[in-house]
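Enquirer: Everything below, folded, please.
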Amino acid sequence: MQKKYNISVEATLEVLGGKWKCVILCHLTHGKKRTSELKRLIPSITQKMLTQQLRELEHDGIINRIVYNQVPPKVEYELSEYGKSLESILTALCNWGDLHIERVYGDRSEYLEDSVLNK
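Expert: Below you'll find the model as predicted:
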């Protein structure tokens, strides 16, 4: 039996749901990243969860996994063309998050980590 969604946002959340996928994708909007770079940029994520989320995003066609044939092996991740269609959604989520932090906590600079995405 074919899956049916109650509303379209369910399909979106099926692909982007969870704590880390949007965070990973926001970092990938700034270019290719190796797993170790993503882990450094997202220190709270476990290696196991990062690997799982990357696999799911690749399976859904949102990111590309690029394997370089060299020793030691090198793997990078980038947004696929399909994944790039999410950039406006990710920007809107970040903008709303900024407004929410300011509304609830005040000065957002006190509540955001020092990150390239928070400039």
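Enquirer: contacting residues around residue 77?
Expert: Contacts here follow Cβ atoms under 8 Å, 6 or more residues apart in numbering; on that basis residue 77 touches 28, 32-35, 38, 54, 58, 63-66. From N, CA and C alone the C-beta is placed, and that goes for glycine too.
Enquirer: try 6 Å this time
Expert: Shown in contact with residue 77 (Cβ atoms under 6 Å, 6 or more residues apart in numbering): 33, 63, 65.
Enquirer: so which helix or strand takes in it?
Expert: strand 74-79 (DSSP states H and E).
Enquirer: Centre of the chain to that strand, how far?
Expert: 13 Å (Cα atoms, centre = their mean, to the nearest Å).
Enquirer: same question for it, mean pLDDT?
Expert: For strand 74-79, mean pLDDT is 97.
Enquirer: quick one: which of the contacts of residue 77 has the most company?
Expert: Within the contacts of residue 77, neighbour counts (other Cβ atoms under 10 Å) peak at residue 63, which reaches 25 neighbours.
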